[in-house]
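J.: Build me a model:
(one chain, ligands or ions: 2)
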Amino acid sequence: MTPDPTIAEAVAVLKSGELVAFPTETVYGLGADAANPEAVKKIYAAKGRPRNHPLIVHVARVDQIGAWVARMSPAAQRLAERYWPGPLTLIMKRAAHVNDLVTGGQDTIALRVPSHGIANALLAGFGGGIAAPSANRYGRVSATTAAHVRSEFGDLVGCILDGGPSTVGIESTIVDVSGDAPALLRPGHITAREIEAVLGTPLAAPGGESPRAPGTLAKHYAPQTPLMVIEADLVLELAGSMTRQGHKVAVLARSALQPLLNGVTWVAAPADAAGYAHDLYANLRALDAAGCSAILVEQPPLDAAWAAVADRLMRAAAGSASPDAT
Ligand code: TXA
Ligand code: MG
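T.: Ligands and ions are numbered 1, 2, ... in the order given. This next block holds a predicted model:
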(Lines give C-alpha, C1' and ligand atoms only; values in the text may rest on other atoms or scores of the structure.)
(Ligands and ions follow the chains in the order given, each with its own letter.)
Protein backbone atom coordinates (compact mmCIF):
# COMPACT_ATOMS: atom_id res chain seq x y z
CA MET A 1 0.00 0.00 0.00
CA THR A 2 1.41 3.42 -1.01
CA PRO A 3 -0.13 5.96 1.42
CA ASP A 4 -1.00 9.25 -0.33
CA PRO A 5 1.06 8.51 -3.44
CA THR A 6 2.55 11.34 -5.50
CA ILE A 7 1.98 11.45 -9.26
CA ALA A 8 5.61 10.34 -9.77
CA GLU A 9 5.07 7.34 -7.49
CA ALA A 10 1.85 6.42 -9.29
CA VAL A 11 3.63 6.66 -12.67
CA ALA A 12 6.33 4.31 -11.36
CA VAL A 13 3.65 1.84 -10.20
CA LEU A 14 2.05 1.87 -13.67
CA LYS A 15 5.44 1.39 -15.35
CA SER A 16 6.14 -1.59 -13.10
CA GLY A 17 2.97 -3.26 -14.47
CA GLU A 18 0.77 -2.71 -11.40
CA LEU A 19 -2.62 -1.02 -11.00
CA VAL A 20 -3.30 2.59 -10.02
CA ALA A 21 -6.75 3.92 -9.12
CA PHE A 22 -7.17 7.55 -10.10
CA PRO A 23 -9.88 10.22 -10.11
CA THR A 24 -11.53 11.47 -13.28
CA GLU A 25 -14.31 14.03 -13.65
CA THR A 26 -16.84 11.21 -14.24
CA VAL A 27 -15.94 8.39 -11.81
CA TYR A 28 -12.69 6.87 -10.47
CA GLY A 29 -10.79 4.61 -12.86
CA LEU A 30 -8.75 1.47 -12.17
CA GLY A 31 -5.76 1.95 -14.46
CA ALA A 32 -3.05 -0.16 -16.03
CA ASP A 33 -0.49 0.38 -18.78
CA ALA A 34 -2.63 -0.25 -21.89
CA ALA A 35 0.42 -1.52 -23.80
CA ASN A 36 1.26 -4.17 -21.19
CA PRO A 37 -1.04 -7.23 -21.45
CA GLU A 38 0.09 -8.66 -18.10
CA ALA A 39 -0.85 -5.39 -16.41
CA VAL A 40 -4.22 -5.23 -18.20
CA LYS A 41 -5.00 -8.79 -17.05
CA LYS A 42 -4.75 -7.53 -13.45
CA ILE A 43 -7.67 -5.16 -14.09
CA TYR A 44 -9.93 -8.05 -15.12
CA ALA A 45 -8.78 -10.11 -12.13
CA ALA A 46 -9.31 -7.29 -9.62
CA LYS A 47 -12.78 -6.43 -10.94
CA GLY A 48 -13.92 -9.98 -11.58
CA ARG A 49 -14.82 -8.77 -15.07
CA PRO A 50 -15.15 -11.13 -18.06
CA ARG A 51 -12.26 -10.80 -20.52
CA ASN A 52 -14.52 -9.96 -23.47
CA HIS A 53 -15.69 -6.70 -21.87
CA PRO A 54 -13.45 -4.09 -23.50
CA LEU A 55 -11.75 -1.22 -21.66
CA ILE A 56 -11.45 2.51 -22.32
CA VAL A 57 -7.92 3.75 -23.11
CA HIS A 58 -7.24 7.18 -21.61
CA VAL A 59 -4.60 9.53 -23.00
CA ALA A 60 -3.40 13.00 -21.94
CA ARG A 61 -3.86 14.83 -25.23
CA VAL A 62 -5.96 14.58 -28.40
CA ASP A 63 -2.80 14.36 -30.54
CA GLN A 64 -2.01 10.97 -28.92
CA ILE A 65 -5.20 9.40 -30.29
CA GLY A 66 -3.59 8.63 -33.66
CA ALA A 67 -1.34 6.02 -32.04
CA TRP A 68 -4.38 3.92 -31.05
CA VAL A 69 -6.74 4.17 -34.02
CA ALA A 70 -6.70 3.11 -37.66
CA ARG A 71 -8.52 6.29 -38.63
CA MET A 72 -10.52 9.11 -37.14
CA SER A 73 -13.80 9.79 -38.97
CA PRO A 74 -14.94 13.39 -39.51
CA ALA A 75 -17.61 12.81 -36.84
CA ALA A 76 -14.94 11.65 -34.38
CA GLN A 77 -12.85 14.70 -35.16
CA ARG A 78 -15.73 17.10 -34.60
CA LEU A 79 -16.70 15.53 -31.28
CA ALA A 80 -13.08 15.34 -30.09
CA GLU A 81 -12.55 19.00 -30.92
CA ARG A 82 -15.69 20.05 -29.07
CA TYR A 83 -15.62 17.78 -26.00
CA TRP A 84 -12.06 16.65 -25.27
CA PRO A 85 -10.73 16.88 -22.68
CA GLY A 86 -14.02 15.89 -21.07
CA PRO A 87 -16.60 13.24 -20.12
CA LEU A 88 -16.92 11.70 -23.60
CA THR A 89 -15.69 8.31 -24.86
CA LEU A 90 -15.41 7.68 -28.60
CA ILE A 91 -15.41 4.23 -30.23
CA MET A 92 -13.16 4.12 -33.31
CA LYS A 93 -11.51 1.51 -35.54
CA ARG A 94 -8.46 0.25 -33.64
CA ALA A 95 -4.84 0.38 -34.77
CA ALA A 96 -3.42 -3.07 -35.58
CA HIS A 97 -1.00 -3.20 -32.62
CA VAL A 98 -3.67 -2.74 -29.93
CA ASN A 99 -3.89 -5.72 -27.61
CA ASP A 100 -7.03 -7.89 -27.76
CA LEU A 101 -7.27 -7.72 -23.97
CA VAL A 102 -8.01 -4.00 -24.25
CA THR A 103 -10.59 -4.27 -27.04
CA GLY A 104 -12.20 -7.56 -26.06
CA GLY A 105 -11.08 -8.86 -29.45
CA GLN A 106 -13.22 -6.35 -31.37
CA ASP A 107 -11.90 -4.28 -34.29
CA THR A 108 -12.75 -1.08 -32.42
CA ILE A 109 -11.27 0.72 -29.43
CA ALA A 110 -12.77 3.08 -26.83
CA LEU A 111 -10.76 6.26 -26.19
CA ARG A 112 -11.10 9.19 -23.82
CA VAL A 113 -9.14 12.32 -22.93
CA PRO A 114 -10.31 13.15 -19.38
CA SER A 115 -10.35 16.70 -18.02
CA HIS A 116 -9.54 16.00 -14.35
CA GLY A 117 -6.28 17.66 -13.21
CA ILE A 118 -4.91 14.58 -11.44
CA ALA A 119 -5.90 12.22 -14.27
CA ASN A 120 -4.16 14.53 -16.70
CA ALA A 121 -1.02 14.85 -14.58
CA LEU A 122 -0.89 11.05 -14.29
CA LEU A 123 -1.41 10.56 -18.03
CA ALA A 124 1.12 13.24 -18.93
CA GLY A 125 3.70 11.79 -16.51
CA PHE A 126 3.09 8.25 -17.77
CA GLY A 127 3.24 9.31 -21.40
CA GLY A 128 1.30 6.36 -22.85
CA GLY A 129 -2.29 5.13 -22.74
CA ILE A 130 -3.89 4.01 -19.49
CA ALA A 131 -6.59 1.34 -19.83
CA ALA A 132 -9.13 1.98 -17.11
CA PRO A 133 -12.63 0.79 -16.37
CA SER A 134 -14.60 2.29 -13.51
CA ALA A 135 -12.98 1.36 -10.18
CA ASN A 136 -15.66 -0.99 -8.89
CA ARG A 137 -16.23 -4.73 -8.73
CA TYR A 138 -17.96 -6.09 -11.82
CA GLY A 139 -21.62 -5.09 -12.02
CA ARG A 140 -21.49 -2.92 -8.92
CA VAL A 141 -21.89 0.80 -8.28
CA SER A 142 -19.03 2.93 -9.68
CA ALA A 143 -16.72 4.73 -7.26
CA THR A 144 -16.81 8.53 -7.05
CA THR A 145 -14.41 8.94 -4.10
CA ALA A 146 -11.10 7.35 -3.06
CA ALA A 147 -12.89 5.87 -0.03
CA HIS A 148 -15.33 4.08 -2.37
CA VAL A 149 -12.37 2.58 -4.26
CA ARG A 150 -10.84 1.38 -0.98
CA SER A 151 -14.12 -0.20 0.07
CA GLU A 152 -14.36 -2.00 -3.29
CA PHE A 153 -10.83 -3.39 -3.45
CA GLY A 154 -9.15 -3.08 -0.02
CA ASP A 155 -5.46 -3.99 -0.29
CA LEU A 156 -5.88 -5.45 -3.79
CA VAL A 157 -5.25 -1.98 -5.21
CA GLY A 158 -2.23 -0.56 -3.41
CA CYS A 159 -2.01 2.79 -5.14
CA ILE A 160 -4.99 5.17 -5.05
CA LEU A 161 -4.71 8.84 -6.04
CA ASP A 162 -7.26 10.88 -4.09
CA GLY A 163 -8.79 13.75 -6.05
CA GLY A 164 -11.90 14.26 -3.89
CA PRO A 165 -15.41 13.52 -5.17
CA SER A 166 -15.82 13.25 -8.97
CA THR A 167 -17.62 16.33 -10.27
CA VAL A 168 -19.86 14.62 -12.87
CA GLY A 169 -20.52 11.49 -10.80
CA ILE A 170 -21.68 9.12 -13.58
CA GLU A 171 -19.69 7.45 -16.35
CA SER A 172 -18.82 9.18 -19.64
CA THR A 173 -21.18 9.43 -22.60
CA ILE A 174 -20.10 6.79 -25.16
CA VAL A 175 -20.56 7.48 -28.89
CA ASP A 176 -19.67 4.93 -31.55
CA VAL A 177 -18.08 6.86 -34.41
CA SER A 178 -16.39 3.82 -35.97
CA GLY A 179 -18.91 3.45 -38.81
CA ASP A 180 -21.00 5.64 -41.07
CA ALA A 181 -23.82 6.33 -38.62
CA PRO A 182 -22.70 7.61 -35.17
CA ALA A 183 -24.63 5.87 -32.37
CA LEU A 184 -25.07 6.57 -28.68
CA LEU A 185 -23.94 3.51 -26.69
CA ARG A 186 -24.18 4.99 -23.18
CA PRO A 187 -25.95 8.22 -22.17
CA GLY A 188 -24.03 10.58 -19.88
CA HIS A 189 -23.55 14.16 -18.75
CA ILE A 190 -23.05 15.24 -22.37
CA THR A 191 -26.54 14.60 -23.75
CA ALA A 192 -27.61 13.00 -27.03
CA ARG A 193 -29.01 16.36 -28.11
CA GLU A 194 -25.66 18.09 -27.53
CA ILE A 195 -23.87 15.39 -29.57
CA GLU A 196 -26.41 15.71 -32.38
CA ALA A 197 -25.99 19.49 -32.40
CA VAL A 198 -22.23 19.08 -32.96
CA LEU A 199 -22.68 16.37 -35.61
CA GLY A 200 -25.54 18.10 -37.38
CA THR A 201 -27.28 14.71 -37.79
CA PRO A 202 -29.43 12.54 -35.52
CA LEU A 203 -27.69 9.72 -33.66
CA ALA A 204 -28.53 6.21 -34.80
CA ALA A 205 -29.93 3.76 -32.27
CA PRO A 206 -27.24 1.22 -31.42
CA GLY A 207 -28.03 -1.71 -33.70
CA GLY A 208 -26.57 -5.01 -34.79
CA GLU A 209 -23.74 -3.20 -36.54
CA SER A 210 -22.60 -1.44 -33.36
CA PRO A 211 -19.84 -2.93 -31.28
CA ARG A 212 -20.76 -4.46 -27.94
CA ALA A 213 -20.79 -2.16 -24.93
CA PRO A 214 -21.28 -4.61 -22.06
CA GLY A 215 -21.62 -1.75 -19.55
CA THR A 216 -24.96 -1.36 -21.25
CA LEU A 217 -26.11 -4.82 -20.19
CA ALA A 218 -29.38 -4.69 -18.29
CA LYS A 219 -27.88 -5.37 -14.88
CA HIS A 220 -25.13 -2.95 -13.97
CA TYR A 221 -24.34 -0.26 -11.44
CA ALA A 222 -26.29 -2.27 -8.87
CA PRO A 223 -26.30 -2.08 -5.08
CA GLN A 224 -26.69 -5.35 -3.13
CA THR A 225 -30.03 -4.31 -1.66
CA PRO A 226 -33.00 -4.80 -4.03
CA LEU A 227 -33.84 -1.45 -5.65
CA MET A 228 -37.11 -0.22 -7.15
CA VAL A 229 -37.84 3.00 -9.01
CA ILE A 230 -41.40 4.12 -8.22
CA GLU A 231 -43.67 7.13 -8.33
CA ALA A 232 -43.62 9.61 -5.46
CA ASP A 233 -47.05 8.71 -4.00
CA LEU A 234 -46.28 5.01 -4.09
CA VAL A 235 -42.96 5.55 -2.30
CA LEU A 236 -44.76 6.73 0.82
CA GLU A 237 -47.40 4.04 0.55
CA LEU A 238 -44.90 1.22 0.09
CA ALA A 239 -42.50 2.54 2.74
CA GLY A 240 -45.44 2.74 5.14
CA SER A 241 -46.65 -0.79 4.54
CA MET A 242 -43.14 -2.29 4.60
CA THR A 243 -42.21 -0.62 7.87
CA ARG A 244 -45.52 -1.73 9.42
CA GLN A 245 -44.47 -5.28 8.54
CA GLY A 246 -41.23 -4.72 10.45
CA HIS A 247 -38.93 -4.08 7.47
CA LYS A 248 -36.33 -1.34 7.33
CA VAL A 249 -36.63 0.70 4.13
CA ALA A 250 -34.17 3.02 2.38
CA VAL A 251 -35.56 5.86 0.28
CA LEU A 252 -33.80 7.99 -2.34
CA ALA A 253 -36.32 10.81 -2.42
CA ARG A 254 -36.66 14.04 -4.33
CA SER A 255 -38.14 15.82 -1.33
CA ALA A 256 -36.43 16.68 1.95
CA LEU A 257 -39.81 16.30 3.71
CA GLN A 258 -39.22 13.01 5.45
CA PRO A 259 -42.37 11.18 6.59
CA LEU A 260 -42.71 10.27 10.25
CA LEU A 261 -42.07 6.56 9.85
CA ASN A 262 -39.86 4.40 12.05
CA GLY A 263 -37.33 2.28 10.21
CA VAL A 264 -36.93 4.55 7.18
CA THR A 265 -33.53 5.80 6.03
CA TRP A 266 -34.33 8.86 3.92
CA VAL A 267 -31.92 10.63 1.58
CA ALA A 268 -33.11 13.70 -0.30
CA ALA A 269 -31.40 13.91 -3.71
CA PRO A 270 -30.53 17.25 -5.34
CA ALA A 271 -33.38 18.69 -7.43
CA ASP A 272 -31.41 19.21 -10.68
CA ALA A 273 -30.15 16.44 -12.98
CA ALA A 274 -26.46 17.35 -12.70
CA GLY A 275 -26.61 17.50 -8.90
CA TYR A 276 -28.58 14.26 -8.76
CA ALA A 277 -25.96 12.52 -10.95
CA HIS A 278 -23.10 13.99 -8.91
CA ASP A 279 -24.45 12.43 -5.70
CA LEU A 280 -26.09 9.31 -7.18
CA TYR A 281 -23.48 6.63 -6.50
CA ALA A 282 -22.54 7.99 -3.06
CA ASN A 283 -26.26 8.02 -2.20
CA LEU A 284 -26.77 4.46 -3.45
CA ARG A 285 -23.75 3.30 -1.45
CA ALA A 286 -25.02 5.00 1.71
CA LEU A 287 -28.52 3.54 1.30
CA ASP A 288 -27.06 0.10 0.48
CA ALA A 289 -25.07 0.21 3.74
CA ALA A 290 -28.15 1.01 5.83
CA GLY A 291 -29.11 -2.66 6.14
CA CYS A 292 -32.60 -2.29 4.68
CA SER A 293 -34.85 -4.79 2.88
CA ALA A 294 -35.24 -2.49 -0.12
CA ILE A 295 -34.13 0.79 -1.65
CA LEU A 296 -37.10 2.74 -3.00
CA VAL A 297 -36.09 5.39 -5.52
CA GLU A 298 -38.57 8.14 -6.26
CA GLN A 299 -39.00 8.35 -10.06
CA PRO A 300 -37.03 11.33 -11.42
CA PRO A 301 -38.45 13.51 -14.24
CA LEU A 302 -38.77 11.84 -17.65
CA ASP A 303 -37.30 14.63 -19.80
CA ALA A 304 -34.08 14.44 -21.83
CA ALA A 305 -31.89 16.17 -19.23
CA TRP A 306 -32.46 13.18 -16.94
CA ALA A 307 -31.75 10.43 -19.53
CA ALA A 308 -28.38 9.39 -18.09
CA VAL A 309 -29.68 9.27 -14.52
CA ALA A 310 -32.75 7.28 -15.65
CA ASP A 311 -30.45 4.85 -17.49
CA ARG A 312 -28.30 4.17 -14.41
CA LEU A 313 -31.35 3.77 -12.15
CA MET A 314 -32.98 1.36 -14.59
CA ARG A 315 -29.86 -0.82 -14.60
CA ALA A 316 -29.52 -0.69 -10.82
CA ALA A 317 -33.15 -1.84 -10.57
CA ALA A 318 -32.73 -4.56 -13.19
CA GLY A 319 -30.14 -6.14 -10.91
CA SER A 320 -32.86 -6.72 -8.34
CA ALA A 321 -35.34 -8.25 -10.76
CA SER A 322 -32.90 -10.85 -12.11
CA PRO A 323 -29.90 -11.31 -9.81
CA ASP A 324 -28.04 -13.52 -12.30
CA ALA A 325 -28.45 -11.27 -15.37
CA THR A 326 -24.68 -10.81 -15.92
O1 TXA B 1 -16.41 7.65 -17.32
C2 TXA B 1 -15.92 6.61 -17.75
O3 TXA B 1 -16.08 6.23 -18.90
C4 TXA B 1 -15.07 5.78 -16.77
C5 TXA B 1 -13.79 6.54 -16.46
C6 TXA B 1 -12.84 5.79 -15.56
O7 TXA B 1 -13.17 6.91 -17.67
N8 TXA B 1 -14.80 4.49 -17.31
C9 TXA B 1 -15.75 3.53 -17.46
O10 TXA B 1 -15.23 2.32 -17.91
O11 TXA B 1 -16.92 3.72 -17.23
P12 TXA B 1 -16.08 0.96 -17.90
O13 TXA B 1 -15.12 -0.09 -18.31
O14 TXA B 1 -16.75 0.81 -16.59
O15 TXA B 1 -17.11 1.19 -19.03
C16 TXA B 1 -16.64 1.28 -20.35
C17 TXA B 1 -17.70 0.89 -21.31
C18 TXA B 1 -18.11 -0.55 -21.17
O19 TXA B 1 -19.52 -0.61 -21.26
C20 TXA B 1 -17.48 -1.19 -22.37
O21 TXA B 1 -18.19 -2.31 -22.82
C22 TXA B 1 -17.53 -0.06 -23.38
O23 TXA B 1 -17.19 1.06 -22.62
N24 TXA B 1 -16.53 -0.26 -24.43
C25 TXA B 1 -15.20 -0.32 -24.33
N26 TXA B 1 -14.62 -0.59 -25.50
C27 TXA B 1 -15.61 -0.70 -26.40
C28 TXA B 1 -15.67 -0.96 -27.80
N29 TXA B 1 -14.59 -1.19 -28.52
N30 TXA B 1 -16.88 -1.00 -28.36
C31 TXA B 1 -18.00 -0.78 -27.65
N32 TXA B 1 -18.01 -0.52 -26.33
C33 TXA B 1 -16.83 -0.49 -25.72
MG1 MG C 1 -18.02 0.31 -15.18
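J.: make it CA atoms for all contacts and neighbour counts henceforth
T.: OK.
J.: Please name the residues that touch residue 27.
T.: 134-135, 142-145, 166, 168-171 (C-alpha atoms under 8 Å, 6 or more residues apart in numbering).
J.: Now it: which helix or strand?
T.: For residue 27, there is no helix or strand it lies in under DSSP states H and E.
J.: Distance check, it against residue 220.
T.: 15 Å (C-alpha to C-alpha, to the nearest Å).
J.: and ligand 1, which of the contacts of residue 27 reach it?
T.: Contacts with ligand 1 within the contacts of residue 27, counted by C-alpha under 6 Å from any ligand atom: 134, 171.
J.: could I get the contacts of residue 27 as a markdown table with neighbour count?
T.: As requested, the contacts of residue 27 are exported to a markdown table (neighbours: other C-alpha atoms under 10 Å):
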| residue | neighbour count |
| --- | --- |
| 134 | 27 |
| 135 | 31 |
| 142 | 30 |
| 143 | 30 |
| 144 | 32 |
| 145 | 23 |
| 166 | 20 |
| 168 | 22 |
| 169 | 27 |
| 170 | 31 |
| 171 | 28 |
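J.: Pick out the most distant pair among the contacts of residue 27.
T.: Spanning the widest gap among the contacts of residue 27 are 135 and 168, at 15.2 Å by C-alpha to C-alpha.
J.: Identify the bridge partners of residue 20.
T.: When bridges are called by DSSP bridges, residue 20 pairs up with residue 31, residue 159.
J.: Let me see the contact set for residue 21.
T.: Taking C-alpha under 8 Å, 6+ apart as the test, what residue 21 contacts is 28-31, 135, 149, 157, 159-161.
J.: What separation do you get for it and residue 158?
T.: Counting by C-alpha to C-alpha, the separation of residue 21 from residue 158 is 9 Å.
J.: Going along the chain, name the strands of this protein.
T.: 20-22, 29-33, 56-58, 88-93, 108-112, 130-131, 159-160, 173-176, 183-186, 227-230, 249-253, 264-268, 294-298 (DSSP state E).
J.: Can you check what angle separates the fifth one from strand 88-93?
T.: Orientation of strand 108-112 against strand 88-93 (axes from the mean of the first three to the mean of the last three C-alpha atoms, to 10 degrees) gives an angle of 150 degrees.
J.: Averaged pLDDT, strand 108-112. What do you get?
T.: The average pLDDT within strand 108-112 is 98.
J.: from the chain's centre, how far out does it sit?
T.: 15 Å (C-alpha atoms, centre = their mean, to the nearest Å).
J.: What helices and strands are in contact with that strand?
T.: strand 56-58, strand 88-93, helix 100-103 (3 or more C-alpha pairs under 8 Å, 6 or more residues apart in numbering; DSSP states H and E).
J.: so can I have JSON lines of the ones you listed showing distance to residue 267?
T.: What follows is those, written out as JSON lines (distance: least, C-alpha to C-alpha, whole Å):
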{"stretch": "strand 56-58", "distance to residue 267": "32"}
{"stretch": "strand 88-93", "distance to residue 267": "29"}
{"stretch": "helix 100-103", "distance to residue 267": "38"}
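J.: Export those as CSV, with columns for mean pLDDT and distance to residue 182.
T.: Compiled in CSV, those are given as follows (pLDDT from 0 to 100; distance: least, C-alpha to C-alpha, whole Å):
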stretch, mean pLDDT, distance to residue 182
strand 56-58, 98, 18
strand 88-93, 98, 9
helix 100-103, 96, 19
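J.: Now render the ones you listed as CSV, adding mean neighbour count and distance to ligand 1.
T.: Formatted as CSV, the helices and strands packed on strand 108-112 follow (neighbours: other C-alpha atoms under 10 Å; distance: least, C-alpha to the nearest ligand atom, whole Å):
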stretch, mean neighbour count, distance to ligand 1
strand 56-58, 25, 5
strand 88-93, 25, 6
helix 100-103, 21, 5
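J.: Could you report the separation of residue 260 from ligand 1?
T.: Per C-alpha to the nearest ligand atom, to the nearest Å, residue 260 is found 38 Å from ligand 1.
J.: do the same with residue 152
T.: 14 Å.
J.: How about residue 173?
T.: 7 Å.
J.: Go ahead and confirm residue 296 touches residue 229.
T.: Yes - between residue 296 and residue 229 there is a contact under C-alpha atoms under 8 Å: 6.1 Å.
J.: More neighbours: those two, which one.
T.: Shown here are residue 296 and residue 229; by other C-alpha atoms under 10 Å, residue 296 has more neighbours (26 against 20).
J.: list the contacts for that one?
T.: The contact partners of residue 296, by C-alpha under 8 Å, 6+ apart, come to 227-230, 235, 239, 249-252.
J.: ok, now with 7 Å
T.: If a contact means C-alpha atoms under 7 Å, 6 or more residues apart in numbering, then residue 296 has 227-230, 235, 250-252 as its contacts.
J.: which of those residues lies closest to ligand 1?
T.: Distances from ligand 1 to the contacts of residue 296, taken as C-alpha to the nearest ligand atom, are shortest for residue 227 (20.4 Å).
J.: Run through the bridge partners of the closest one.
T.: Beta-bridge pairing of residue 227 under DSSP bridges involves residue 295.
J.: same deal with residue 111?
T.: With DSSP bridges as the rule, residue 111 is bridged to residue 57, residue 90.
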